[in-house]
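Novice: return a 3D structure for these sequence lines:
(one chain, ligands or ions: 1)
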Amino acid sequence: MHISFVVAVAENGIIGSGNELPWRLPSDLKRFRKLTMGKPIVMGRKTFLSIGKPLDGRANIILSRDQEFSVEGTLVAQTVEAALELGKREASSKDVDEIMIIGGAEIYKAFMPHATRIYYTLVHAEPDGDASFPALDFSLWKEVERELVNAGPKDCYDFSNLLYEKTASNT
Ligand SMILES: NC(=O)c1ccc[n+]([C@@H]2O[C@H](COP(=O)([O-])OP(=O)(O)OC[C@H]3O[C@@H](n4cnc5c(N)ncnc54)[C@H](OP(=O)(O)O)[C@@H]3O)[C@@H](O)[C@H]2O)c1
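Specialist: Numbers count the residues shown, from 1 in each chain. Have a look, this model is predicted:
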């Protein structure tokens with residue numbers, strides 16, 4: 001089972017600002033939808049609140065330490081391990097082999113030891129923000145794809161689609 005991150009990161013490491021994305025990149029959101037459709041998605045409570053509703057066509061698993069937290073149409077987990085168990089169960093029931101970890105900063109940090117793949121959109125900008133992606137240990141991660149995408153008419157910035165895979169010797 002792959003544990004895959006999907007993230008958009010600016011050149012200065014910023015991924016969020018004021019619990020929102022610091023850019024408008026509809027082309028990247030389309031790619032996000034395509035990459036995650038049909039697969040379980042795991043997110044932190046703050047990212048869920050920022051999105052505002054469960055995403056369709058995907059089992060939405062929300063991490064919160066608050067035992068009272070519940071949202072109709074979602075699954076809530078209180079630990080990383082419980083979220084992974086739910087993710088594996090949901091993936092198996094849909095016959096998919098990937099659990100998608102979709103942020104934010106706290107969640108990427110907590111799941112980093114479990115991650116095997118990162119769909120990494122490098123946003124060619126340096127915005128201000130208050131949420132950052134954790135630094136990658138490049139002795140563990142190998143870049144296997146990189147494609148520059150010019151900003152579409154509604155995108156704020158150019159970006160590149162990168163794919164990182166955990167090196168075999170460290171998985
Ligand atoms: N650029 C991107 O690709 C991208 C993707 C996603 C999000 N973002 C941005 O990232 C920012 C949000 O990130 P964030 O770090 O502030 O919040 P977050 O990671 O979305 O959520 C944090 C919350 O998750 C829960 N949590 C975290 N670790 C946990 C653990 N080990 N066990 C159980 N629950 C845990 C806690 O909820 P409780 O407080 O309820 O206990 C915590 O307050 C926003 O600006 C958002 O727009 C960017």
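Novice: and the gap between residue 83 and residue 20?
Specialist: According to CB to CB, to the nearest Å, residue 83 and residue 20 sit 23 Å apart. Any C-beta I mention is one placed from the backbone N, CA and C, and that applies to glycine too.
Novice: between these two, point out the one with more neighbours.
Specialist: Comparing residue 83 with residue 20 by other CB atoms under 10 Å, the one with more neighbours is residue 83, at 25 against 10.
Novice: and the residue lying closest to the more buried one once chain neighbours are set aside, what does it touch?
Specialist: Using CB to CB, 6 or more residues apart in numbering and skipping the chain neighbours, the partner closest in space to residue 83 is residue 77 (3.8 Å). By CB atoms under 8 Å, 6 or more residues apart in numbering, the contact set of residue 77 is 42, 61-64, 83, 85-86.
Novice: let's have these in a markdown table, adding secondary structure and pLDDT.
Specialist: Below are the contacts of residue 77 laid out as a markdown table (DSSP: H, G, I helix; E, B strand; the rest coil; pLDDT from 0 to 100):
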| residue | secondary structure | pLDDT |
| --- | --- | --- |
| 42 | strand | 99 |
| 61 | strand | 98 |
| 62 | strand | 98 |
| 63 | strand | 98 |
| 64 | coil | 98 |
| 83 | helix | 98 |
| 85 | helix | 98 |
| 86 | helix | 98 |
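Novice: so what's the residue nearest the centre of the chain up against?
Specialist: Taking CA atoms, centre = their mean, the centroid of the chain lies closest to residue 102, which sits 2.2 Å from it. Residues near residue 102 by CB under 8 Å, 6+ apart: 5-7, 32, 36, 41-43, 47.
Novice: same thing with residue 26?
Specialist: Shown in contact with residue 26 (CB under 8 Å, 6+ apart): 152, 154-155.
Novice: which bits of the chain sit near the ligand?
Specialist: For the chain, the residues in contact with the ligand (CB under 6 Å from any ligand atom) are 7-8, 15-17, 19-21, 43-47, 50, 63-66, 69, 78-80, 102-107, 110, 131.
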